[in-house]
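Student: Got a predicted model here, sequence first, then my questions.
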Amino acid sequence: MKAENKKGKVYLVGAGPGKSDLITLRGLELLKQADCVIYDKLVNLALLRYAKANAELIATPKRTGGESFTQQQINKLLIEKASEHNTIVRLKGGDPYIFGRGTEEAKWLADNGIDFEVVPGVTAAIAASAYAGIAITDRDFSSQVAFITGHEAQGKQQSSIDWGNLSHFSGTLCFYMAMENFDFIIEQLTSKGMSPDTPAAVIADATLATQRTVKATLATIANVCKSENIGPPAIIVIGATAKGDSRLEWLTKQPLFSKTIVITRDAEGNAELADKIVDKMGLAIELPVTKLKPLTDSTAFLKTLSEIKSYDWVIFTSATGVEQVFDVLSKLNKDARVFGSAKIAAIGTATASKLAKFGIRADFVPTTFTSRILAKELIETAQLRGRKVLLLRSKLASDELPDMLAKARAVVENVPVYTQEKNLCDLKQFSEMLAQKRVDWIVFASPFSATCFFEQVPVEFVKSSNAKIASIGPVTTKQLAELGLQVSLEPAEHTINGLLSSIEQIEAR
Ligand code: SAH
């Protein structure tokens, strides 16, 4: 590569072991700036959403055996992309220099005169140690740790692994890429003098909702893994600390850990909720059964917007409504000042905090977050007779709120700012998991999403599974009941957060 072709800088970034927020701040910053991201198979795809919308994203999976997207091809790609872009992030699972061939890539970049920087990451063994309650060092049991590749031995004439030494190592052995060679590794260690009674543990999918840990002895661990169906990616830990200590097991005590929760909002709503579930170590299956359709380009809405100051009250009944309205305001180069002295009501805390994001403190939030209670309490609190009240809501919202306000003699204007439409989704993963009784909860946050979901999934299929149904509030519960379903949970606080905490409380019992 000629020097004049050199342009970009390559950042070899450790993505961390699994859970997407275990990347370093430096790594995330660079990911956000990257013009091109070249990522490995073990990288959590959730990280890619931080990349710029126009960033070039390139996957470089390697099949086992390592001969598909070869290292050579990856190296070539790095040079090619460095000549096209300024900032290239080479995103690698765990830490780039721990068995990730990051060193080869760095040397190659150096040899080709390309600028590079290495951002370390949390390596799988360290993560597994923290998340499985198997501290790999412990002043009572282990004062040394070895990281060993278990892949190396395969087919290699001359192993560079010193089995003799390892079998007498008095600390903790952590094997990477070792599941395929498990029997060979055990055979090597025991034949060279390690006791078959040595504690051993395997941690698969460390830091993810699917994390599984098995503990046994060197003699039995391989069979336990087989019978428990534990496969890669996994770390094998051998040594006294592999016994673990139940006091260190914090993950399995998280109420939502490994619980599968199916969510049925629109794509944006699902993404937000999935984050919260993953944060609590649950597994979120996102089924966007509805699709948001803004109605803010309607003449009715634009006319209302120009007259918004003339209203005494403006009522928002969802965070989405707030978002839609402020989206348009920002496009029109306007801001919260369009509301003038109109008072503003929010149906609940989620809507109120969305308003707060745009600089508006809601003048009224009811004690219970339903349209009915909103109407009842607003009528009790405010003088509405003859007052102009504007509802900025979903087109699908019920008539209860405007009817009650009109009965109190308010002059009500109901202007839809968005609607939801049915969205057909890919149900394959969901159906398989439901059939295998691996779905714990199905969550509904609106009556319409319940309708759209059960237009795609037979009611009987759900009823014959062990999945429990959670509903955000009474209107959704009623709709589910009409569809013939029994709701296991309706939170006292009718918000997504309320829903999630109630599920947590039930699971904690
Ligand atoms: N550079 C990576 C390791 C790459 S080698 C790091 O620092 O972690 C790939 C091996 O890492 C896998 O075969 C497995 O042994 C281990 N590994 C990666 N992610 C893992 C995870 N989430 N849980 C358990 N082991 C993992």
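Tutor: Sure thing, it's come through.

Student: Now do the strands in the stretch 251-400 of the chain.
Tutor: 260-263, 283-286, 290-294, 313-316, 343-346, 388-394 (DSSP state E, counting those that start in this stretch).

Student: Any idea which of those gets closest to residue 160?
Tutor: Closest approach to residue 160 among those is made by strand 283-286 (38.6 Å; CB to CB). C-beta: built from backbone N, CA, C; applies to glycine.

Student: And the closest one, what does it pack against?
Tutor: strand 260-263, helix 267-279, helix 428-435 (3 or more CB pairs under 8 Å, 6 or more residues apart in numbering; DSSP states H and E).

Student: Adjacent strands (with direction) for that strand?
Tutor: Here strand 283-286 is paired, per DSSP bridges, with strand 260-263 (parallel).

Student: Could you give me the buried positions within the strand ranked longest in the chain?
Tutor: Across the chain, the longest stretch assigned as strand under DSSP state E is strand 411-422. For strand 411-422, the neighbour count (16 or more other CB atoms under 10 Å) marks 412-420 as buried.

Student: Make TSV out of those and add distance to the ligand and pLDDT.
Tutor: As requested, the buried residues of strand 411-422 are exported to TSV (distance: CB to the nearest ligand atom, whole Å; pLDDT from 0 to 100):
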residue	distance to the ligand	pLDDT
412	55	96
413	54	95
414	51	94
415	49	94
416	46	95
417	43	95
418	39	96
419	41	95
420	36	94
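
Student: With distance to residue 15 added, can I get the residues you listed in TSV?
Tutor: As requested, the buried residues of strand 411-422 are exported to TSV (distance: CB to CB, whole Å):
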residue	distance to residue 15
412	52
413	51
414	48
415	45
416	43
417	39
418	36
419	39
420	35
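
Student: Just name the closest of those to residue 176, please.
Tutor: Using CB to CB, the shortest approach to residue 176 within the buried residues of strand 411-422 belongs to residue 420, at 46.3 Å.

Student: That closest one: what's it in contact with?
Tutor: 266, 290-293, 394, 396, 446, 448-449, 452 (CB atoms under 8 Å, 6 or more residues apart in numbering).

Student: which one of the helices and strands packed on strand 283-286 is the most hemmed in?
Tutor: Highest mean neighbour count of the helices and strands packed on strand 283-286: strand 260-263, a mean of 25 (counted as mean count of other CB atoms under 10 Å).

Student: C-alpha coordinates for it, PDB please?
Tutor: Extracted in PDB, the C-alpha atoms of strand 260-263 (Å, rounded to 0.1, in the frame of the first residue of the first chain):
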ATOM      1  CA  THR A 260     -38.600 -14.200  28.200                       C
ATOM      2  CA  ILE A 261     -40.900 -11.300  27.700                       C
ATOM      3  CA  VAL A 262     -42.700 -10.800  24.400                       C
ATOM      4  CA  ILE A 263     -43.400  -7.100  23.700                       C
END
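
Student: what comes into contact with it?
Tutor: Strand 260-263 has contacts (CB under 8 Å, 6+ apart) with 209, 269-270, 273-274, 277, 282-287, 430, 433, 438-443, 467, 503.

Student: if I pick the closest residue to the ligand within the chain, what's in contact with it?
Tutor: For the chain, the residue closest to the ligand is residue 94, as judged by CB to the nearest ligand atom, at 2.0 Å. By CB under 8 Å, 6+ apart, residue 94 lies in contact with 14-17, 42, 100, 121-124, 127.

Student: Lowest pLDDT pick from those residues?
Tutor: Within those, pLDDT reaches its minimum at residue 100, with 84.

Student: What distance do you get for that one to residue 129?
Tutor: Going from residue 100 to residue 129 by CB to CB, to the nearest Å gives 18 Å.

Student: Quick check: residues of the protein near the ligand?
Tutor: Applying CB under 6 Å from any ligand atom, we find that the chain lies next to the ligand at 17-18, 42, 92-95, 98-100, 123-124, 128, 176-177, 203-207, 232-235.

Student: Among those residues, which lie within strands?
Tutor: If you go by DSSP E, these have 92, 176, 203-204, 234-235 in strands.

Student: Can you tell me which of the residues you listed comes closest to residue 215?
Tutor: residue 203 (9.6 Å).

Student: What sits closest to that closest one if chain neighbours are left out?
Tutor: With CB to CB, 6 or more residues apart in numbering as the measure, residue 128 is the residue that lies nearest to residue 203, at 3.9 Å, once sequence neighbours are left out.

Student: What about that neighbour, how many residues nearby?
Tutor: By the criterion of other CB atoms under 10 Å, residue 128 has 29 neighbours.

Student: Look up the residues forming beta bridges with the residue nearest to residue 488 when sequence neighbours are not counted.
Tutor: Distances taken as CB to CB, 6+ apart place residue 468 nearest to residue 488, at 4.0 Å, with adjacent residues excluded. Beta-bridge pairing for residue 468 (DSSP bridges): residue 441.

Student: OK, contacts around residue 400?
Tutor: Applying CB under 8 Å, 6+ apart to residue 400 gives the contacts 371-372, 375.

Student: hang on, the earlier thing: quick one: the strands of the stretch 251-400 of the chain as a markdown table, columns for mean pLDDT too.
Tutor: As requested, those are exported to a markdown table (pLDDT from 0 to 100):
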| stretch | mean pLDDT |
| --- | --- |
| strand 260-263 | 98 |
| strand 283-286 | 97 |
| strand 290-294 | 96 |
| strand 313-316 | 97 |
| strand 343-346 | 97 |
| strand 388-394 | 96 |
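
Student: Need those strands in JSON lines (columns: distance to residue 24).
Tutor: Formatted as JSON lines, the strands of the stretch 251-400 of the chain follow (distance: least, CB to CB, whole Å):
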{"stretch": "strand 260-263", "distance to residue 24": "29"}
{"stretch": "strand 283-286", "distance to residue 24": "24"}
{"stretch": "strand 290-294", "distance to residue 24": "34"}
{"stretch": "strand 313-316", "distance to residue 24": "39"}
{"stretch": "strand 343-346", "distance to residue 24": "37"}
{"stretch": "strand 388-394", "distance to residue 24": "41"}
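
Student: Run the angle between the lowest-mean-pLDDT helix or strand in the chain and strand 290-294 for me.
Tutor: Within the chain, no helix or strand scores below helix 299-306, which has a mean of 90 by mean pLDDT, DSSP states H and E. For helix 299-306 against strand 290-294, the angle by axes from the mean of the first three to the mean of the last three CA atoms, to 10 degrees is 60 degrees.

Student: quick one: helix 299-306 to strand 411-422, angle?
Tutor: 130 degrees.

Student: buried stuff in helix 299-306?
Tutor: Buried, per 16+ other CB under 10 Å, within helix 299-306: 301, 304-305.
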